[in-house]
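K.L.:
After the sequence you'll find the predicted model.
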Amino acid sequence: MRGLTGSPGFDRTARSLRAAEKGAVPLDDRPAERIALVYPNRYAVGMASLGFQTVYRLFNEQPGIRCERVFIPQPPLDSEIRALESGDPLRKFSVIGVSLACETDLLRLVRLLSDAGIPPLASERSDAHPLLLVGGVLGGLNPSPLLPFADAILAGEGEGVIPAVSEALLSVRPGPNWKRGRLDALGGIPGIFRPRMDRFVERQVAHPLEQYPTYTPVCTPLSHFGDLFVVELTRGCGRGCLFCAGGKLYQPLRRHSPESVLDTVRRRNPGVRRVGLEGASLSDYAGLEPLAESLVEEGHEVSFSSVRVDRITPQLVAVLEKSRVRSFTMAPEAGTEALRGRIGKPLPDAVLTEAIRSLAESPVETLKLYFLIGLPGETDTDVSAVSELVRRAASLFLTSPRRRLRLSVNAFVPKPFTEFQWSAMADGRTLERRRGLIASGLRGLRNVVFSEKSGREELLQGILATGGPEAGMAAHDRVVLGLSWKKALERNGIDPERSLHADRDPGAPLPWDFVRSGVSKGRLLERLRVWTGGPDAAGEESTVRTGSGPVPPGVSGAPEPAASEKPEVR
């Protein structure tokens with residue numbers, strides 16, 4: 001491999017990061033095409049991303065492709081936007097792939113591109129600039145705010161798409177109009193959406209999942225999770241919580257067999273002891289405890305990405321003890337049984353209490369509890385019940401001075417393709433008051449840590465989560481033009497009071513309607529009515545599916561609507 005080309009400060013840090021890595025993805029030293037894969041966050045966060053590592057590995061498995069990693073600079077990287085492997089500046093690559101895991105990643109992407117000397121807006125880039133291909137969670141959830149920036153968007157899961165994308169890129173070499181030639185070559189690939197050229201896109205699903213072992217090929221103690229080999233057990237979720245996009249985004253629920261998981265750990269683990277079992281639906285995985293016990297017997301320590309409260313069994317606690325797990329996460333979401341029921345996550349208080357009691361008898365020293373506030377139909381009584389629940393948990397779990405309860409209280413953000421996509425988000429003043437109710441109910445409790453949240457960032461997340469292209473432009477104007485958020489929103493016609501803090505009309509078009517996912521609007525509305533007594537689905541045909549509505553402005557074939565017809569940004 002050729003030497004790094006960055007500054008001495010960058011070179012030293014890049015070599016130090018790579019020296020700490022275990023395992024490696026083979027890179028082509030004489031590739032026909034070089035791709036910079038960007039994770040718009042710190043190295044520690046990006047290397048903890050199973051999706052990012054999977055795309056990095058899959059691109060490098062394609063003949064003629066060399067894919068290198070790019071992260072947000074951090075001291076002492078000297079603020080240079082360069083590839084970790086070669087040290088080449090981002091602008092030297094002909095293709096930039098981006099993995100966006102959350103809404104606020106868009107802001108970091110705009111800043112990263114601008115700092116790298118690449119115009120963030122697609123309309124300001126020419127053949128002299130790289131082609132920008134954007135994917136990740138946002139690509140399949142609500143890609144509408146990405147439209148001003150991306151040359152192409154991957155909607156959904158990439159395992160079955162990356163080989164075709166690689167072939168398309170290799171089919172057009174640099175030359176006159178090379179970028180348009182590559183966009184033409186990408187046309188027709190399932191899951192690829194070309195803003196200003198396509199009208200709809202079909203979200204992709206990797207099926208059967210057994211064909212695609214998913215794991216972290218590179219492990220490092222500098223990752224957010226430390227030296228942990230992560231392997232996927234399940235994808236999707238069959239529980240159907242009304243607020244959660246994961247079950248909709250990754251439907252249908254799919255599983256890797258225990259035999260294939262064990263084989264992946266045995267053959268792909270680069271030599272670390274800790275194994276993390278990943279999946280939104282681990283609790284419904286048949287044979288979870290026997291699989292974990294097999295891994296422990298083979299000398300591994302096992303951790304779990306998430307486990308439902310009603311699946312914390314004595315057998316599971318025994319695995320935690322053998323694996324020396326010191327931290328465990330539970331997500332009750334709401335303080336009362338009634339509200340948990342109304343949001344589609346029925347969890348009796350008695351089951352929750354028993355789970356905490358079981359964990360109190362384990363070696364776990366830190367118990368993390370996650371809650372949402374601002375949920376549709378939430379009352380002050382529901383909010384105050386959060387602190388009451390935490391007090392009960394403290395009385396059961398905090399049996400040693402070494403133990404801690406960590407409380408994370410997050411704002412409810414309406415997510416696309418969920419039953420609550422039509423629901424309002426609580427305003428900043430309401431969220432602050434409700435957090436205050438919880439904090440006041442926890443006064444005097446020792447060894448309970450209440451994590452602070454940025455209300456401004458949560459509201460921004462809401463705008464980007466449910467907004468259209470104008471939301472993306474507001475992010476651009478905030479970062480590139482240096483406008484205040486208030487000015488950036490006003491400049492792009494966004495009024496949060498109307499678009500974010502008010503319920504949507506179920507009959508109105510949504511900014512993400514151009515993503516065809518198979519999720520029926522009629523079915524979502526019916527479930528919303530049944531669970532919460534919410535908007536009636538009458539008049540909404542059960543065959544109407546997302547992807548049947550108009551595409552946002554800026555997409556080919558979509559005329560600019562009158563101001564009164566523009567989709568709301570929520």
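P.N.:
The structure has been received and is ready for your questions.

K.L.:
can you tell me which residues contact residue 106?
P.N.:
Counting by CB atoms under 8 Å, 6 or more residues apart in numbering, residue 106 touches 100, 138, 145-146, 149, 464, 472, 475. Where you see a C-beta, it was placed from the backbone N, CA and C, and this is true even at glycine.

K.L.:
Can I get those in a markdown table including secondary structure, neighbour count and distance to residue 254?
P.N.:
A markdown table is the format used below for the contacts of residue 106 (DSSP: H, G, I helix; E, B strand; the rest coil; neighbours: other CB atoms under 10 Å; distance: CB to CB, whole Å):
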| residue | secondary structure | neighbour count | distance to residue 254 |
| --- | --- | --- | --- |
| 100 | strand | 26 | 23 |
| 138 | helix | 25 | 21 |
| 145 | helix | 29 | 28 |
| 146 | helix | 26 | 26 |
| 149 | coil | 26 | 31 |
| 464 | helix | 25 | 28 |
| 472 | helix | 25 | 31 |
| 475 | helix | 29 | 33 |
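
K.L.:
Can you name the residues that contact the residue nearest to residue 421 when sequence neighbours are not counted?
P.N.:
In space, and not counting its chain neighbours, residue 421 is closest to residue 414: 5.4 Å by CB to CB, 6 or more residues apart in numbering. Counting by CB under 8 Å, 6+ apart, residue 414 makes contact with 420-425, 462, 465-466, 570.

K.L.:
what about 6 Å?
P.N.:
Contact analysis of residue 414 by CB atoms under 6 Å, 6 or more residues apart in numbering lists 420-421, 423, 425, 466.

K.L.:
How is the protein divided into domains?
P.N.:
Domain assignment for the chain by automatic domain parsing gives 8-202, 206-325, 329-466.

K.L.:
what's the span of the shortest one from first residue to last?
P.N.:
Meaning domain 206-325. 32 Å (CA to CA, to the nearest Å).

K.L.:
And for the closest residue to residue 314 other than its chain neighbours, the neighbour number?
P.N.:
Spatial nearest neighbour of residue 314, chain neighbours left out: residue 358 (6.8 Å); criterion: CB to CB, 6+ apart. Here the count is done by other CB atoms under 10 Å, and residue 358 has 17 residues near it.

K.L.:
And residue 358, which helix or strand is it part of?
P.N.:
For residue 358, the enclosing helix or strand under DSSP states H and E is helix 349-360.

K.L.:
Report the rounded mean pLDDT for the helix or strand just after that helix.
P.N.:
Later in the chain than helix 349-360, the nearest helix or strand by DSSP H and E is strand 366-373. Taken as a whole, strand 366-373 carries a mean pLDDT of 96.

K.L.:
Can you spell out which helices and strands pack onto strand 366-373?
P.N.:
Using 3 or more CB pairs under 6 Å, 6 or more residues apart in numbering; DSSP states H and E as the contact criterion, the elements in contact with strand 366-373 are strand 327-333, strand 404-411.

K.L.:
between these, which one is nearest to residue 505?
P.N.:
Closest to residue 505 of those is strand 404-411 (CB to CB; 22.8 Å).

K.L.:
average pLDDT across the closest one?
P.N.:
Model confidence over strand 404-411, given as mean pLDDT, is 96.

K.L.:
Could you do stretch 301-314 as well?
P.N.:
Rounded mean pLDDT across stretch 301-314 is 86.

K.L.:
Kindly report the same for stretch 183-192.
P.N.:
Stretch 183-192 comes out with an average pLDDT of 96.

K.L.:
Can you pull out the residues in contact with it?
P.N.:
With contacts defined as CB under 6 Å, 6+ apart, stretch 183-192 is touched by 152, 154-156, 161, 164, 168, 171-172, 194, 202, 204.

K.L.:
Make CSV out of those residues and add distance to residue 108, secondary structure and neighbour count.
P.N.:
Below are those laid out as CSV (distance: CB to CB, whole Å; DSSP: H, G, I helix; E, B strand; the rest coil; neighbours: other CB atoms under 10 Å):
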residue, distance to residue 108, secondary structure, neighbour count
152, 20, strand, 26
154, 19, strand, 29
155, 21, coil, 27
156, 23, strand, 23
161, 24, coil, 20
164, 29, helix, 17
168, 28, helix, 20
171, 32, helix, 12
172, 30, coil, 18
194, 24, coil, 18
202, 28, strand, 16
204, 25, strand, 21
